[in-house]
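A.B. asks: just a sequence and a predicted model for now, questions to come.
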4 protein chains.
Amino acid sequence: MCGIAGVWNVDDSYNILHDILLGLQHRGQESTGIVIEGFKFLKMQGLVSQVLTKENYINGRSGIGHVRYSTFGENSEIQPLMGLTSKGKFAIAHNGNIPDAKIRMKSLVEKGAVFNTTIDSEVFLHYISLAPYSDPKLSIQWSLSRIPGAYSIVILTDSMLIAARDSYGFRPLFYGKFKGGFVVSSEDSALTALGAKEITEIVPGEMVIFSDMGLDKVKFATTKMRFCAFEYIYFSRPDSNFYYGNVHKARFKMGGILYRESQMTGDIVIPILDSGFSGALGFSLASKIPIELGLMRNRYLGRSFIMPENREEIIKRKLIPIPQVVKNKEVIVIDDSIVRGTTMKQIVKMLRESGAKKVKVGIHSPPVIGPCPYGIDTSRKNELIANQKEIEEIIKEINADELYYLSIDGLKEAIGGDKLCLGCLNLNYPI
Amino acid sequence: MCGIAGVWNVDDSYNILHDILLGLQHRGQESTGIVIEGFKFLKMQGLVSQVLTKENYINGRSGIGHVRYSTFGENSEIQPLMGLTSKGKFAIAHNGNIPDAKIRMKSLVEKGAVFNTTIDSEVFLHYISLAPYSDPKLSIQWSLSRIPGAYSIVILTDSMLIAARDSYGFRPLFYGKFKGGFVVSSEDSALTALGAKEITEIVPGEMVIFSDMGLDKVKFATTKMRFCAFEYIYFSRPDSNFYYGNVHKARFKMGGILYRESQMTGDIVIPILDSGFSGALGFSLASKIPIELGLMRNRYLGRSFIMPENREEIIKRKLIPIPQVVKNKEVIVIDDSIVRGTTMKQIVKMLRESGAKKVKVGIHSPPVIGPCPYGIDTSRKNELIANQKEIEEIIKEINADELYYLSIDGLKEAIGGDKLCLGCLNLNYPI
Amino acid sequence: MCGIAGVWNVDDSYNILHDILLGLQHRGQESTGIVIEGFKFLKMQGLVSQVLTKENYINGRSGIGHVRYSTFGENSEIQPLMGLTSKGKFAIAHNGNIPDAKIRMKSLVEKGAVFNTTIDSEVFLHYISLAPYSDPKLSIQWSLSRIPGAYSIVILTDSMLIAARDSYGFRPLFYGKFKGGFVVSSEDSALTALGAKEITEIVPGEMVIFSDMGLDKVKFATTKMRFCAFEYIYFSRPDSNFYYGNVHKARFKMGGILYRESQMTGDIVIPILDSGFSGALGFSLASKIPIELGLMRNRYLGRSFIMPENREEIIKRKLIPIPQVVKNKEVIVIDDSIVRGTTMKQIVKMLRESGAKKVKVGIHSPPVIGPCPYGIDTSRKNELIANQKEIEEIIKEINADELYYLSIDGLKEAIGGDKLCLGCLNLNYPI
Amino acid sequence: MCGIAGVWNVDDSYNILHDILLGLQHRGQESTGIVIEGFKFLKMQGLVSQVLTKENYINGRSGIGHVRYSTFGENSEIQPLMGLTSKGKFAIAHNGNIPDAKIRMKSLVEKGAVFNTTIDSEVFLHYISLAPYSDPKLSIQWSLSRIPGAYSIVILTDSMLIAARDSYGFRPLFYGKFKGGFVVSSEDSALTALGAKEITEIVPGEMVIFSDMGLDKVKFATTKMRFCAFEYIYFSRPDSNFYYGNVHKARFKMGGILYRESQMTGDIVIPILDSGFSGALGFSLASKIPIELGLMRNRYLGRSFIMPENREEIIKRKLIPIPQVVKNKEVIVIDDSIVRGTTMKQIVKMLRESGAKKVKVGIHSPPVIGPCPYGIDTSRKNELIANQKEIEEIIKEINADELYYLSIDGLKEAIGGDKLCLGCLNLNYPI
């Protein structure tokens, strides 16, 4: 789970990276890194607002950046990555996961390569260095064509910025025009907020080259579109738009179709804020069951050091039931997905303790039955409740009165197409 | 705008104050202070989670605490305040504003007193010291009886904890039983979350004394209940409950009555998150106009150092329109109140730029026409848009198609009573 | 143990206070505080270089400052102190100890005063407030005349800076002219380094007033000069000069007289760096015994968090013997004083372990047999080794072969006069 | 200018590395880095005491560490370096400079290698990876044998710790036994302070292997001893001992021989503290001219942010003349070396301003006429005053009355041998 950004040929690229990465903060909150023109860099654990401060300002007209969900406790393990190769210096940031990175690393190391990090992107640096071309652009093209996925990537050299998506297009990537130069972002919403124009989704299997010559596009692999359905279900910002349209709209439809499929009844619809809100609105409109603030969200939680370490207590502080709303009601809780089931179990418990007569759960996506090898850190297989249990058992486990998931067909209908990666939902993995 | 907390006779009072103050964080985010048994203290700028860390732990079985909206750049100006008087040592934290504090300070100083801070509470310390009693409790009672308002206050001595509300009860204050001792909080929701029992609202004009003798209550002034209507409208947490009932429920009703009074029409209702959500739900249910996510909220904004200093830009980053929702729609924006009008002006502008056909504004409280001398830092009189302009002018200023406020009678009906301070809404100030 | 500073009517008083306090850093390393024109202030734990940084800059043309040896864990307990009185606002910093401060506090509190800190200087604020004059200057004069000692003090109001020494002049205080205004400092060396001119020692019992009218002097008590002998023995910088002359020169003479009195013999003289260096030079010259680097000092020790908490281990890391110098030698260790004896015991042990044949100890001051009630935090009476034991016992305790102290007459001869406070050496306390 | 450390098979290696590196802090104050068993690491700018804190504790029984004089603003550029190679994982820290590192890097990169840092040690990682052996130990031996110098190095793998010195032995390296395991350090004094036993200097051209099999030694190159004379003159701690004996003793002799050669006359000898102290003691004893505290050193200088950036001002704050000592005297200033001449020029100026009648300068080493390609960051050639000017011109430049350097023969005599690198003194560079 990461977000990536790029700027080419615009003054004050530091602040532009700040703004784009701030708009991608929901994709990763643990670490922030940037590399600016001349390979000056800044990589630290922390939010964009904590890392890209006035004090740390770096001057330059181009750069790439990265936000990441988890880091392994070390600044050197934060993207972007940099390296000196036979084709010159490169900085790289990527979103995704190369499923066979370990094997590729091993094979490179056996030939004498030295790996300084455990980041997947370092594989690209070595491919570029070993590519049978002296030209950096051809070397990059050669490298990208040899690694099937899953990555959206930005690469900075001293003379160009390259943005590319693997041929499946698992992860999103956009570029736009801005103040005479170009900007790149994982989601279009961060570019829209910036005021960028002609925002364009990069085609899977294509690399876009920004240089003093302007913009150029090169196809390095056949497009086999398999966009991650979870970007629509949960991961992306509601105001973002991908190939099949707006994210909020899609979730809203998922909620509506969930009602159509489940025909659940109840007194009020309770959204799990913020992720279940769009779906709950659709469900409420379709079902005519009014939406209510049954669970409020504590905005000031932050990273409290005294915070209880057990997950139940954390949920209890984050989502707070309002008994006056819930009491004696048949409530329908709407959320985007269930991964391990611990959160929903606690939610049901709190609603019952607040006096709910019945607690029904509606999930506006199908059961997650497999892990994601392409960059979403859901969980290991045996932690996925829907992998381990049948619906009836899950109902028992979370202690709900009813539980409905959206069907896979319902999901496709809501998104509006089926060139999707549904690996975690149907175990049909593209690579 | 502050929150206060107290603990008496419970192990690990540090963590309990942490939990209560975390639950009151919405009342003040600038500074956090606590005084623990033995007058050990910790006062720093920052959120509860940044100040009350594991590293700063203080041991003790009693204590008081405070969160505050603004501080004047100095740790010594953070509550609680401490002082050695002729009646012993006292620590004090209060929520509210003593309107005539400056005059009282001047008069004390003329008699030879030395003021070390500019905090209102220091007046109490001097009154206690000068009170014509040697007994600390009587001295406190004497002091409280001489200052009409506006305060909810907690006072810690080496042998007792005292919690008191002025005779008007402008600001809330609750206590409850917890693990064999007592806990005190500005709002009951923070005590409920803790698991406290027998949560009780302190009667205006009464002081509650917690000591080794248990709990005692002393009336120090006639109860002239004038609870702040803004605690219901905006300031308190939705899950809090005061004399007239639940906050969310009241806001929900305000929204419903706003529709009844205004009969506004439109395609969708857009809540301003989070403050306008409860009212929008009520408005939507009453009007049958569906609620939609027209404006999403950026949760990761934090205190970005590079953040633009102009207010319009801040709002633009905090509230983000979703054009796919808004386009070609007649939208009704629901918020709790308008103070200066700058936020709403920017919201209307963003919605129009996102393609809204018409933008109508519904405010679920009456126009704010006066400042608050009792502790809510709204704004100076000449900054209040409703003090300076008629409705028609405000509509022009914020560039809305329509604008409706709730009537004062509607507000009373929604809250369910009229023993309220409505000073900022009708200029009828109790003191 | 503190250092105080003042600036009147010079641009950039922040940087001037920085420079003076840096030159007084040996007088206190725990906390640093300043108050600048308009009563803007900065008080933090840490060295001058850590507190008075570029980031914390405060603009203004006057100010006072303070460095302190120990603080009680709280920024509010750091000098300077500020208060609003009936005569206006005052900021105060002092060096010394008012022996009867507790009684005076109690008496003030009984009359209704409130004390916000436990700092001695707060007594002055209350005296000023209660003084039977409306004029601030007269009120200060009245207050100083009522408190016999021990203090050197700087007071800042909105119209003047006052510097004063108690009538005994226990602690030093100087002023000088600088860039059209005035500067004040505990030691003259900090003013010399700044480039100040006409540096003058303030006469005990006199207050010097710096204002828009220039410089004025007022006598508030009869001069009864009793300057602290320990400022000469250990506390002050070698390049400082007091009434009787230069500090290094005095210590050099103490070393010479110590040899004359003791007639110690040995192969080499080992100074305890840095405090025993001046005395060792004098001893070596008088005895013709060569000085050698038997113990080197680790300059990079700092405040290591992993540093062993036991004192022996700290000394072991701070002073490191060089066995090649010490082996098979009769060594004479020279230090300025022995307080508890733990350091010297460890030094003797290390030198023996490094192969010294004999270890003799020469102390260039008389035995410390009493505590200091006037501001030097030596130790409690029963911790003073020379209060508890006879010389023969001390020799046994520290395991030296010989031990000689300087006589009191020798000390007076070295300093060059006898208007000294020798309370800790002969129990003859002036107040 | 660096210091390196290693621990093998001892509990709590973190604290042991802390202690050794603290004892090597004089070799580098800018950054501190360690790698502990399992390749957990910590690398930060700052002193040992600021980086290796309790909070940052890492558990493990082996590790290596590094302190460095300068870093290029980035934590990733701090040693130790880590890499995954075909022979497994390696962590490396080295002291010295590989003169042809750039050429070796270029040649490796041309073969497809990727360099992630600009640190010389990364070359070793690539050599190890490319070495024609599968065994890590043989690969290291092969790599060391191919790089002539200048390095002392520690290498950690998951099964051994290796310490090695290049065949010239430019930089020092020692190991000792400690608590059943082994410890390694640039200087023996840090091991002595720890309490290590059987401290042994590693023979140039030899690698010492610490593993579960105990200790093993392997010769990888012919010993061609050329120990850096500057380690004796200035760089090492006085209590350290190398091949030819104790450092302080050698400097002491340099001072004595300087007198013998120069026959300088004067009233007092003034040591430049701390570096010129040992030499001044020797000079004073030989000449019978008494040593005096003409210049004291400010211990509390630290890194003051407001510190003037010009060098003269820094020296003025660091070394403070005592006019009472200097006035009307013919003074002989003794220092270890002159590099650029700016410091000595300022010293002479200050002493003249303090009233010295004559200022003579004695340097207990020969003129520095060439840069050091082996790890001491003296200066560029054209900044070296003795490279640019004749003695008479230097005297004029620094405005001294006389200036004497030690002869090269005198230096060899003082050290007690001639298997030294004297490249910077006679341009006779071993590699």
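C.D. replies: That came in fine, so what should we check first?

A.B. asks: quick one: average confidence on stretch A:385-397?
C.D. replies: Taken as a whole, stretch A:385-397 carries a mean pLDDT of 94.

A.B. asks: so for it, what gets flagged as buried?
C.D. replies: A:385-387, A:394-395, A:397 (16 or more other C-beta atoms under 10 Å in any protein chain shown). C-beta here means a position set from N, CA and C on the backbone, and glycine is covered the same way.

A.B. asks: that stretch spans what distance, first to last residue?
C.D. replies: 9 Å (C-alpha to C-alpha, to the nearest Å).

A.B. asks: how far does that stretch sit from the chain's center?
C.D. replies: 26 Å (C-alpha atoms, centre = their mean, to the nearest Å).

A.B. asks: check stretch A:77-97 too.
C.D. replies: Remark: stretch A:77-97 is offset 20 Å from the chain centroid, using C-alpha atoms, centre = their mean.

A.B. asks: repeat that for stretch A:341-361.
C.D. replies: So, by C-alpha atoms, centre = their mean, the centroid of stretch A:341-361 is 28 Å from its chain's centroid.

A.B. asks: check stretch A:30-38 too.
C.D. replies: Computed by C-alpha atoms, centre = their mean, the separation of stretch A:30-38 from the middle of its chain amounts to 19 Å.

A.B. asks: ok, now stretch A:195-210?
C.D. replies: That offset, for stretch A:195-210, works out to 18 Å (C-alpha atoms, centre = their mean).

A.B. asks: can you list the buried residues in that stretch?
C.D. replies: A:196, A:199, A:201-210.

A.B. asks: equivalent analysis for stretch A:412-431, please.
C.D. replies: Within stretch A:412-431, the residues scored as buried using 16+ other C-beta under 10 Å are A:412-415, A:419-425, A:429-431.

A.B. asks: out of the residues you listed, which touch chain B?
C.D. replies: Filtering the buried residues of stretch A:412-431 for neighbours of chain B using C-beta under 8 Å from any C-beta of the partner chain leaves an empty set.

A.B. asks: ok, of those residues, which one's closest to chain D?
C.D. replies: A:Ile431 (24.3 Å; C-beta to the nearest C-beta).

A.B. asks: which one is A:Thr118 nearest to, not counting chain neighbours?
C.D. replies: A:Glu77 (6.7 Å; C-beta to C-beta, 6 or more residues apart in numbering or on different chains).

A.B. asks: got the phi/psi numbers for the one you found?
C.D. replies: With angles defined as degrees, to the nearest 10, A:Glu77 sits at phi -100, psi 20.

A.B. asks: ok, now A:Arg260?
C.D. replies: Per degrees, to the nearest 10, the backbone of A:Arg260 is at phi -60, psi -40.

A.B. asks: ok, now A:Ala356?
C.D. replies: Dihedral pair for A:Ala356: phi -60, psi 140, per degrees, to the nearest 10.

A.B. asks: so which of the buried residues of stretch A:412-431 sit within helices?
C.D. replies: Mapping those onto helices (DSSP state H) picks out A:412-415, A:423-425.

A.B. asks: pretty sure the residue nearest to A:Thr118 sits against A:Asn116.
C.D. replies: No. With contacts counted by C-beta atoms under 8 Å, A:Glu77 stays clear of A:Asn116, the gap being 9.8 Å.

A.B. asks: the more surrounded of those two?
C.D. replies: Per other C-beta atoms under 10 Å in any protein chain shown, whichever of A:Glu77 and A:Asn116 has more neighbours is A:Asn116, with 23 against 19.

A.B. asks: not counting sequence-adjacent ones, nearest residue to that one?
C.D. replies: Nearest residue to A:Asn116 in three dimensions, chain neighbours excluded: D:Asn116, at 4.0 Å (C-beta to C-beta, 6+ apart).

A.B. asks: same question for A:Arg68.
C.D. replies: The spatial neighbour of A:Arg68 that comes closest, neighbours along the chain excluded (C-beta to C-beta, 6+ apart), is A:Gly28 at 4.3 Å.

A.B. asks: count of neighbours near that neighbour?
C.D. replies: Around A:Gly28 there are 24 residues (other C-beta under 10 Å).

A.B. asks: do you know how far it is from D:Asp11?
C.D. replies: 38 Å (C-beta to C-beta, to the nearest Å).

A.B. asks: same question, A:Met207
C.D. replies: From A:Met207 to D:Asp11 the distance is 53 Å (C-beta to C-beta).

A.B. asks: and if you look at A:His18?
C.D. replies: 45 Å.

A.B. asks: hang on, isn't A:Val326 packed against A:Arg352?
C.D. replies: No. Here A:Val326 lies out of contact with A:Arg352, judged by C-beta under 8 Å, at a distance of 9.1 Å.

A.B. asks: which of those two has more neighbours?
C.D. replies: Remark: of A:Val326 and A:Arg352, A:Val326 carries more neighbours, 25 against 18, as counted by other C-beta under 10 Å.

A.B. asks: what residues does the stretch 51-200 of chain A put near chain D?
C.D. replies: Residues of the stretch 51-200 of chain A found near chain D (C-beta under 8 Å from any C-beta) are A:74-76, A:81-86, A:105, A:109-118, A:122, A:125-126, A:129-130.

A.B. asks: now restrict those residues to buried residues only.
C.D. replies: In those, burial by neighbour count holds for A:74-76, A:81-86, A:105, A:109, A:112-117, A:122, A:125-126, A:129-130, counting by 16+ other C-beta under 10 Å.

A.B. asks: apart from its chain neighbours, what residue comes closest to A:Gln29?
C.D. replies: With C-beta to C-beta, 6+ apart as the criterion, A:Gln29 has its nearest non-adjacent residue at 6.0 Å, and that residue is A:Leu47.
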